[in-house]
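Sequence plus the predicted model coming up.
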Amino acid sequence: MLKAKTMGIIFANMHDASVSEFTAIRSMASLPFGARYRQVDFYLSSLVNSGVNQVGVIVKNNYHSLMDHMGTGREWDLSRKIEGLSIFPPFSEEMSKDIYHGRIGALGSIIHYLSDASAEYVILMDCDHVANVDYEELVNGHIDSGADLTMLSCSLPSNSAMEQNCVVVTPDETGRVVDLMINTKAPKGSYYSMNIMVIARELLVSIVEDAISHMKISFERDILTAKLNDLNIRCVLHKGFVKRIYSMRSYFEASMSLLDADVRAELFTPDKPIYTKVHDDPPVKYGLESKVANSLLADGCMIEGTVENSILSRGVKVGKGAVVKNCILLQDTVVGDGADIEYVIADKEVTISDGTELKGHESYPLYLKKYEKV
């Protein structure tokens, strides 16, 4: 049980540029993942499972898909008369005349919502990681430690691509952050921030109001780094499964990791389920000559060909004699008869014609945009 009332704030668009192919029509929060989920599902579900019943989602652009997916929050038990789910589009505040820039501006756009809330603590989070987080443990640990701010971090292999827009934290032996760097390799003993932070609500409001009055934009640079010696910032390591989405390749690798039964068992636990919008689709229909191996198929799929090591979202159709290997096919994609595709990521409602051959590579999967016909 949470030791104090806590609310969650989700930044839906904070990392859109990382997967610009996908986010040209949607936010990072509504990025499809794992055949039937969206990125935001993992954050909303973890919050609700941890006893957090007030969640605000700040959106900036391309948010219609996200709003349609979340609706009133019923699937996450957040459709409530008091508190529950709140969505804040741009210009939601009466005094807001310009679209905000950065995390400080985003928080400034909902400052009245934060000021009027009854929660003692706030969990700030982006939507660029796939994980099932125990926020109860995180918040209670933050309270017990007496820290001003607690950052949830993870240990990930370093490479030049992942270092983009990544915050590196270096804690001492007590867990207090002694160094914080942006867009750099992680030195020995350091971790990558999961962009999840816990802070007292009143302290957050004070920091944001002060930052806005001094024309500050970056929460990481202008607050965390600048106040490293003034604030007691603590680092906590997430020990469970976690994948960061920072490029198309990382999205492909994170998705394909779900084909491992051990990963699925760790991410989708019975006591902390991941909820999503419910669709009334029929079960998967398999043709007499179909062959499926090591794949995830959502409801509504119709398979008449061969599917191997692939992830198929709702309503995907694979024609007779077609071969689908190492692919991610999003909702209502159609693979024609005799088509042969490998290492392909097809967005929603893509049509791949009969006999078409498409070959990507594991390190560079071929992306087909929404509604595309090939």
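Happy to help now that I have it.

Give me the neighbour count for residue 262.
For residue 262, the neighbour count with other Cβ atoms under 10 Å is 9. Bear in mind the C-beta positions are built from the backbone N, C-alpha and C, glycine included.

Following the strand or helix carrying it in sequence, what is the next regular element?
Under the criterion DSSP states H and E, the helix or strand holding residue 262 is helix 261-267. Moving toward the C-terminus from helix 261-267, the first helix or strand encountered (DSSP H and E) is strand 285-286.

For that next one, enumerate the helices and strands it packs against.
Counting contacts by 3 or more Cβ pairs under 8 Å, 6 or more residues apart in numbering; DSSP states H and E, strand 285-286 packs against strand 302-303.

tell me what the strand it packs on is packed against?
Under the contact criterion of 3+ Cβ pairs under 8 Å, 6+ apart, the helices and strands touching strand 302-303 comprise strand 285-286, strand 317-318.

wait, what's in contact with residue 128?
Applying Cβ atoms under 8 Å, 6 or more residues apart in numbering to residue 128 gives the contacts 14-15, 18, 28, 39, 195, 244-246.

Which ones among these map onto strands?
With strands identified by DSSP state E, the entries of the contacts of residue 128 that belong to them are 195, 244.

What is the neighbour count of the closest residue to residue 231 other than its chain neighbours?
Closest residue in space to residue 231, ignoring its immediate chain neighbours: residue 148 at 4.3 Å, by Cβ to Cβ, 6 or more residues apart in numbering. The local packing count at residue 148 equals 17, with neighbours defined by other Cβ under 10 Å.

ok, now the one 5 residues further on?
Applying other Cβ under 10 Å, we find 24 residues neighbouring residue 153.

in a strand, that's where it is, yeah?
Yes. Remark: residue 153 belongs to a strand, assigned using DSSP: H, G, I helix; E, B strand; the rest coil.

Surely it touches residue 191?
Yes. Between residue 153 and residue 191 there is a contact at 3.7 Å, judged by Cβ atoms under 8 Å.

Walk me through the domains of this protein.
Listed domain ranges for the chain are 6-267, 285-368 (source: automatic domain parsing).

chain center to the last one, what's the gap?
Relative to the mean C-alpha coordinate of its chain, domain 285-368 is positioned 24 Å out (Cα atoms, centre = their mean, to the nearest Å).

Low-confidence ranges, the stretch 1-150 of the chain, go.
Of all residues in the stretch 1-150 of the chain, those with pLDDT under 70 make up the ranges 91-100.

So which residues of it form helices?
Counting by DSSP state H, counting those that start in this stretch, the stretch 1-150 of the chain has helices at residues 20-23, 39-49, 64-70, 102-108, 111-116, 135-145.

which of those helices sits most buried?
helix 39-49 (a mean of 24; mean count of other Cβ atoms under 10 Å).

Show residues contacting it.
8, 10, 12, 28-31, 33, 55, 57, 66, 69-70, 73, 76-78, 85, 123, 125, 127-135, 245, 272-276.

do stretch 179-194 as well
Surrounding stretch 179-194, the residues in contact under the criterion Cβ under 8 Å, 6+ apart are 129, 131, 151-156, 158, 162-171, 220-221, 224-225, 228, 233, 235, 237-238, 242, 244.

now swap in stretch 222-238 and tell me
Contact partners of stretch 222-238, identified using Cβ under 8 Å, 6+ apart, comprise 104, 131, 133, 138, 141-142, 145-155, 167, 169, 171, 175-180, 182, 191, 194, 207, 211, 216.

For ChimeraX, what selects the buried ones among the residues you listed?
In ChimeraX, the members of the contacts of stretch 222-238 classed as buried (16 or more other Cβ atoms under 10 Å) are selected with the following command:
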select :104,131,133,138,141,142,147,148,149,150,151,152,153,154,167,169,171,177,180,191,194,207,211,216
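
Distance check, residue 352 against residue 2.
48 Å (Cβ to Cβ, to the nearest Å).

Those two: which has the busier surroundings?
Higher neighbour count among residue 352 and residue 2: residue 352, with 26 against 17, using other Cβ under 10 Å.

re earlier: Throw together a PyMOL command that grabs the buried residues out of the contacts of stretch 179-194.
With 16+ other Cβ under 10 Å as the criterion, this PyMOL line picks the buried residues out of those:
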select buried, resi 129+131+151+152+153+154+162+163+166+167+168+169+170+171+220+224+225+233+235+238+242+244
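
Inside helices: which ones of the contacts of stretch 179-194?
In helices, defined here by DSSP state H, there are no members of those.

Show me which of the contacts of helix 39-49 are buried.
Judged by neighbour count, with 16+ other Cβ under 10 Å as the criterion, the buried members of those are 8, 10, 12, 28-31, 33, 55, 57, 66, 69-70, 73, 76, 78, 85, 123, 125, 127-135, 245, 274-276.

So what touches stretch 145-154?
Applying Cβ under 8 Å, 6+ apart, the external contacts of stretch 145-154 come out as 129, 131, 133, 138, 141-142, 167, 169, 175-177, 191-194, 196-200, 203, 224, 231-238, 242, 244.

So for this protein, the centremost residue is which one?
Residue closest to the mean C-alpha point of the chain, counted by Cα atoms, centre = their mean, is residue 127 at 3.0 Å.

Let me know whether that residue touches residue 16 as I believe.
No. Counting by Cβ under 8 Å, residue 127 stays clear of residue 16, with 9.7 Å between them.

which residues do those two both contact?
27-28.

What about this protein, which residue is the most distant from its middle?
Most distant from the centre of the chain: residue 288, at 37.7 Å, with distances by Cα atoms, centre = their mean.
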